Every structure is written in C-alpha cells, then in structure tokens.
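**Student:** I'll drop the sequence and a predicted model, then ask my questions.
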Amino acid sequence: MKFVLVFGPQAVGKMTVGFELASITELKLFHNHMTLEMLNPIFGFSAETWRLSSLFRFEIFEAVAKSDMQGLIFTYVWAFDQQEDWDFVNETCRIFESHGAEVYFVELAATLEERLERNKTPHRLEQKPSKRNLEHSENELKASMDKYRLNSLDGEITSEHYLRIDNSNSSPSEVAQLIKDEFKL
C-alpha cells in the first residue's frame, strides 16, 4: 500500500497531476474537493463543511488503508503556519502507516501568474463547481497568500520520501512521470 500526499497552494496543479499519476499507476485519486463539493451546496464553506469533510476523509483513509488496494493519492492545501493542518496530515499519515503503508510527500510550487491561469482551466472548473465564480476564486487565491504559508520552508518536511517540484513550466504528465519514477510507484 502506498499513500501519496500531493500538496501545495490553490491552482498549483495538485488535482490535475493526481489524475495523471492515477492514470499511469495502480493508485486511486481522492482529491480534496471531492468531499468539499459534496457539502458546499448544503452548508457553504462553513465550519460544519470542514468538520464533516474531515470525518469523511478519515473514514475513507481508514477504509483504503485496510483494503487490498495498491494505494491512494490525496491532494491537500497545507497551511504550514496552522497547527490543525499539521495535525490533519499527521493523523492521515498515522492511519496509513498503522496499516503498513508507505507514505510519500509531493509538494508542488508554481508562480502566481501560472496559478491564476490554471485557476480558469476547464478541467478545474468541471471538477470544482465552487471555483466557477472566477472573480471570487481568484480573490480567494490571492488572499490566502497573505493569510497562510502554503509552501514549506527548506528542511521543514523531513520524510525520506519527499519531493518538491516547481511545476510552473511542466505539464501534468511530465510531473506525474517524475513522481512515478522518483518513488518507483
């Protein structure tokens, strides 16, 4: 069992790279908006949405970790300056590791200009209805940069299975192949 956590700021390409990686491996993709988009029409982006989303995610992680699946790719916007995000990542890894899974960290980084362009792509908007109000989505993307630290500092991720990729000028398929090759997935 392999668990691949793909993280980085909004619109950096986590989901798209995840789709590509799933297509060239036996791993399944569970992108972070799968739970959010289910709950948003009922609760909006409220505390209840985040609470329920975490519950669903942990239950899914536990079920996958106990299964005979090859593994899972999960995407996440990790605010490194928020203890609750560290707690979420640590608990997620604990679930998988407690069932013998290998955990891999993939951090994506891209320029703001590239992320603003990716924020408008048809694939993103198809998969994430809450992002279709482009003005709101773009404002949220920019505001989060002032509010949170969404990429790690050098040496902050200490796992031996860690890869940081600036994918500003790389295609999702190139990035997915790099991840597959690096971690022998």
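**Tutor:** In hand now; what should we look at?
**Student:** what separates the closest residue to L134 other than its chain neighbours from R149, distance-wise?
**Tutor:** Residue nearest to L134 in three dimensions, not counting chain neighbours: K120, with 6.0 Å by Cβ to Cβ, 6 or more residues apart in numbering. To be clear about C-beta, it is placed using only N, CA and C from the backbone, and glycine gets the same treatment. Separation of K120 from R149 (Cβ to Cβ, to the nearest Å): 25 Å.
**Student:** got it, and E102?
**Tutor:** 27 Å.
**Student:** Pretty sure H99 sits against F61.
**Tutor:** No - the pair H99 / F61 is not scored as a contact, 9.7 Å apart, by Cβ atoms under 8 Å.
**Student:** any idea where the strands of this protein begin and end?
**Tutor:** 2-7, 28-30, 71-76, 102-109, 162-166 (DSSP state E).
**Student:** Please identify which of those is closest to L141.
**Tutor:** strand 102-109 (14.2 Å; Cβ to Cβ).
**Student:** Pull out the buried residues from stretch 152-159.
**Tutor:** Residues 152, 157 are the ones in stretch 152-159 that count as buried (16 or more other Cβ atoms under 10 Å).
**Student:** what's the answer for stretch 176-185, then?
**Tutor:** 176, 178-180, 183, 185.
**Student:** likewise stretch 111-131?
**Tutor:** 114-116, 118-119, 124, 127-128, 130-131.
**Student:** Of all the residues you listed, the one with the weakest confidence?
**Tutor:** Among the buried residues of stretch 111-131, S130 carries the lowest pLDDT, at 70.
**Student:** on that earlier part again, narrow the buried residues of stretch 176-185 to those in helices?
**Tutor:** 176, 178-180, 183 (DSSP state H).
**Student:** Farthest pair within the residues you listed?
**Tutor:** Spanning the widest gap among these are A176 and F183, at 11.3 Å by Cβ to Cβ.
**Student:** okay, the residue most central in space within the chain: pLDDT?
**Tutor:** The chain has T75 as the residue nearest its centroid, 1.6 Å off, counting by Cα atoms, centre = their mean. On pLDDT, T75 comes in at 97.
**Student:** Show the pLDDT at the closest residue to it other than its chain neighbours.
**Tutor:** Nearest non-adjacent residue to T75, counting by Cβ to Cβ, 6+ apart: K14, 3.8 Å away. On pLDDT, K14 comes in at 96.
**Student:** K14 against V4, yeah?
**Tutor:** No - with contacts counted by Cβ under 8 Å, K14 stays clear of V4, the gap being 10.8 Å.
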